[in-house]
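Visitor: coords please:
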Amino acid sequence: MNTAIGNRSRRLLVCLTVLSVTGALTGGVVWAADDAAGVAPSEPSIESAQKQCACDAGDARLAGAGEANALEPGSNAVRVAFGTAQTEDFGRTAVGSNATREVPIINIGPDPVTVTDATIEGDDAGAFTVTDDSVSSIEPGETEYVTVVFSPDRDGTHRATLRLERATGPLATADLTGTGVTSDIEVDREQLRFANVTDQTVAETFTLTNNGTTPLTIEALRIVGPDRAAFEPADSGPFVIEPGQSREVIVRFTQSEPAARFATMHILSDDPEQPQRNLWLTNTPTVARVSPSHIKTDRTHVNASVIDAAPNTTQSLNISWPATRDDTVAIDALSYTPERGGEFSINVTKRDEQFEGSPAFEPADGTEEVAFVSMDSTIANEDLRDVTITFRVRQDQLAGDEAPDDVALYTHQNGQWIELPTTLVDESQTHYFFETESPGLLDFATGIKQATFRIDDAAVSVTEISAGESVDVVVRVTNVGGADGTYTVRLIRDDTVVDQRELSIAATGSRQTILTESFDNPGTYELYVNDHLVGTITVHGSVDSLTDLTFTARSPHVNQP
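Guide: You can find the predicted model right below:
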């Protein structure tokens, strides 16, 4: 076991003895050595440890017993020793991460030891996991390992017990300890309000503090919103703030033309509880606050409040959070112009299933639903204009021939879903980003248009031919779906594809093609185009055989004068 005291460390070897007769367990320190910083101690051998082991059979006690129970002469004592403390004390581990140790089990007894199970017990047992308990038989003097993972879910010390079992009962136990540490971000401001100046730069300052027990990493200070170019942090990260320390951050504001400016700074860090903090940036009295996303089993909520909204002034509001930024569909931002000032709130809820009370989502072009969004606000849609919605769709929702142009946003009015025009504005490694103009803060459905094909006509050129001849099948296909796509037309005879064409057809468009098949043998054949029967072909004897019969017929004899 390694323990640090100032610049010195203390190494301990822990011995646990199990009495094979009674199953009693004792433990003791069998070796200790102090070493100054930079000086490596000499570690005893297994033989030395066996000689020095304080867990002698004569000193063993039954659990809960008040007196010693010595082994009878000639009885067999099974001894195992757990190794140094670095395999028992997992040290400081950040909450939300994990640390892995291979705990050595040393057989310091005279006989083989068979371990049948390794388990974790104690109040904090949930923080420790045995991931590899494949230890079986340990020969005298040999070492085997049990792999244990420490995954703290809270700040502070965690304690548990590693218990080894053998076929006849308990074998040995060892203490496991680890300390969960967290970073804890504090931001001293919720908004920075800048002087409304033109053609000059003004600055405001806010302070970041780490109230946690481990260094806080500020991963990025990212400004979002249509007016983001007017604001600039002096340091956008990354940087580290030690526990108990603070750091001031300067933000500059510059504009060349007078206007109301709004933006949001996302303060992104490794704080496990608050990976994102928002800082509202503006040169107006308006203040917006967006609460962290709240995830339930079947839906995600984001709430926002706006204070001192200026009438007839276009405002932007970013409502994205780390949890929503990985979702299949998420609303990233809203832009709107209120026709009245004051305060109002907005709730945005996303779910994969339709909301109760909304009409069935069944577009005629076969668009498939992805997710649904509901927006509730304390400001009436009649008091809003110029509403623009920015939303994201995860790329893995599009498959095959589907493209970003196939993503559509719908809202329902008078019991019908109506498609809103969307524009692809950006893409990342995982998502596509779109903008749409909306008649208000409403209920929406996100869908992906599909290519849906219909065979309008398929006909054979003739139904009776001679062996060795061929027939043509004329096929016309229409894409009745809302997306461009590719359709394969196959001509099938006797369950075998004999000809095929791949047709690329635009949405609502049609294509015509000709498939051909030849017949060598007389008979009756059915031809299919995909699963459609298009005709029955009768094949007669070959043309060549008829020609041969005519050519070999006897000619009439003519007498010469």
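Visitor: which residues sit in contact with residue 298?
Guide: Applying CB atoms under 8 Å, 6 or more residues apart in numbering to residue 298 gives the contacts 351, 352, 353. Heads up, the C-betas are built off the backbone N, CA and C, glycines and all.
Visitor: Over to the residue lying closest to the first one once chain neighbours are set aside: give its phi and psi.
Guide: Once flanking residues are discounted, residue 351 sits nearest to residue 299: 4.0 Å by CB to CB, 6 or more residues apart in numbering. Note on residue 299: its backbone torsions stand at phi -160, psi 160 [degrees, to the nearest 10].
Visitor: Residue 492 now?
Guide: Dihedral angles (degrees, to the nearest 10) for residue 492: phi -120, psi 130.
Visitor: Can you name the residues bridging to the nearest residue to it once chain neighbours are set aside?
Guide: The shortest distance from residue 492 to any non-neighbouring residue, by CB to CB, 6+ apart, is to residue 528 (4.2 Å). Residues in a beta bridge with residue 528, per DSSP bridges, are residue 492, residue 533.
Visitor: any idea how far residue 528 is from residue 359?
Guide: 39 Å (CB to CB, to the nearest Å).
Visitor: for residue 88, same thing?
Guide: As judged by CB to CB, residue 88 and residue 359 stand 62 Å apart.
Visitor: Quick check: PyMOL command selecting the buried ones in the contacts of residue 298.
Guide: Applying 16 or more other CB atoms under 10 Å to those, the buried members can be selected in PyMOL as follows:
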select buried, resi 351
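Visitor: How many residues are close by residue 287?
Guide: As a burial measure, residue 287 scores 16 neighbours (other CB atoms under 10 Å).
Visitor: so what's it up against?
Guide: Residue 287 sits next to 190, 191, 280, 306, 307, 308 when contact means CB under 8 Å, 6+ apart.
Visitor: Now a PyMOL select for only the buried ones of the residues you listed.
Guide: Here is the PyMOL command that selects only those of those that count as buried (16+ other CB under 10 Å):
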select buried, resi 191+280+306
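Visitor: Now, the contacts of residue 287 that are in strands?
Guide: Counting by DSSP state E, the contacts of residue 287 place 191, 280, 306, 307, 308 in strands.
Visitor: With distance to residue 451 and pLDDT as extra columns, can I get the residues you listed in TSV?
Guide: Shown next, in TSV, are those (distance: CB to CB, whole Å; pLDDT from 0 to 100):
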residue	distance to residue 451	pLDDT
191	48	94
280	44	95
306	42	93
307	48	93
308	50	92
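Visitor: looking at it, residue 286 is touching residue 263, isn't it?
Guide: No: taking contacts as CB atoms under 8 Å, residue 286 lies outside contact range of residue 263: 11.9 Å.
Visitor: Can you check the pLDDT for the residue nearest to residue 351?
Guide: The model reports residue 299 with a pLDDT of 81.
Visitor: can you check residue 85 too?
Guide: At residue 85, the model reports a pLDDT of 44.
Visitor: what do you get for residue 62?
Guide: So residue 62 comes in at 25 (pLDDT).
Visitor: What's the end-to-end length of stretch 92-101?
Guide: One end of stretch 92-101 sits 13 Å from the other (CA to CA, to the nearest Å).
Visitor: Now do it, average pLDDT.
Guide: 85.
Visitor: let's number from 811 now, not from 1
Guide: Got it, first residue is 811 now, which makes that one stretch 902-911.
Visitor: Quick check: buried residues in that stretch?
Guide: Counting neighbours by 16+ other CB under 10 Å, one finds that the buried residues in stretch 902-911 are 903, 904, 905, 911.
Visitor: which one is the first one nearest to, not counting chain neighbours?
Guide: In this case it means residue 903. Using CB to CB, 6+ apart, the closest residue to residue 903 is residue 909 (4.5 Å).
Visitor: OK, contacts around that neighbour?
Guide: Going by CB under 8 Å, 6+ apart, residue 909 touches 900, 901, 903, 959, 960, 988.
Visitor: distance of it from residue 1066?
Guide: Distance of residue 909 to residue 1066, given as CB to CB: 53 Å.
Visitor: The closest residue to residue 995 other than its chain neighbours and residue 1002: what is the separation?
Guide: Nearest residue to residue 995, sequence neighbours excluded (CB to CB, 6+ apart): residue 1081, at 4.4 Å. For residue 1081, the distance to residue 1002 (CB to CB) stands at 21 Å.
Visitor: Have a look at the two and say which one is more surrounded.
Guide: residue 1081 (23 against 20).
Visitor: List the residues that contact that one.
Guide: With CB under 8 Å, 6+ apart, residue 1081 has these contacts: 992, 993, 994, 995, 1022, 1026.
Visitor: How about residue 1055?
Guide: Counted by CB under 8 Å, 6+ apart, residue 1055 has contacts 1019, 1020.
Visitor: Give me the distance between stretch 1247-1257 and the centre of its chain.
Guide: Computed by CA atoms, centre = their mean, to the nearest Å, the chain-centroid distance of stretch 1247-1257 equals 26 Å.
Visitor: buried set for it?
Guide: Using 16+ other CB under 10 Å as the test for burial, stretch 1247-1257 gives 1248, 1250, 1251, 1252, 1253, 1254, 1255, 1256, 1257.
Visitor: any chance of these in CSV, with secondary structure, distance to residue 1154 and pLDDT too?
Guide: Below are those laid out as CSV (DSSP: H, G, I helix; E, B strand; the rest coil; distance: CB to CB, whole Å; pLDDT from 0 to 100):
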residue, secondary structure, distance to residue 1154, pLDDT
1248, strand, 17, 93
1250, coil, 13, 92
1251, coil, 10, 93
1252, coil, 16, 92
1253, strand, 18, 92
1254, strand, 19, 94
1255, strand, 25, 94
1256, strand, 25, 93
1257, strand, 29, 92
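Visitor: closest to residue 981 among those?
Guide: Among these, residue 1256 lies closest to residue 981 (CB to CB), at 58.1 Å.
Visitor: filter the contacts of residue 909 to the buried ones?
Guide: Taking 16+ other CB under 10 Å as the criterion, what is buried in those is 900, 903, 959, 960, 988.
Visitor: which helices and strands sit right next to the helix or strand hosting residue 1269?
Guide: Using DSSP states H and E, residue 1269 maps to strand 1263-1270. Judged by 3 or more CB pairs under 8 Å, 6 or more residues apart in numbering; DSSP states H and E, strand 1263-1270 is in contact with strand 1280-1289, strand 1295-1303, strand 1333-1339, strand 1342-1350.
Visitor: do you know which of those strands lies nearest residue 1219?
Guide: If we rank these by CB to CB, the stretch that ends up nearest is strand 1295-1303, at 20.7 Å.
Visitor: Please tell me how far the closest one is from the chain's geometric centre.
Guide: With CA atoms, centre = their mean, you get 37 Å for strand 1295-1303.
Visitor: buried set for it?
Guide: For strand 1295-1303, a neighbour-count test (16+ other CB under 10 Å) marks 1295, 1297, 1299, 1300, 1301, 1302 as buried.
Visitor: So what angle separates the directions of the helix or strand immediately after it in the chain and strand 1280-1289?
Guide: Sequence order places strand 1306-1315 as the next helix or strand after strand 1295-1303, per DSSP H and E. Using axes from the mean of the first three to the mean of the last three CA atoms, to 10 degrees, the inter-axis angle of strand 1306-1315 relative to strand 1280-1289 is 40 degrees.
Visitor: which SS state does residue 1206 fall under?
Guide: helix (DSSP: H, G, I helix; E, B strand; the rest coil).
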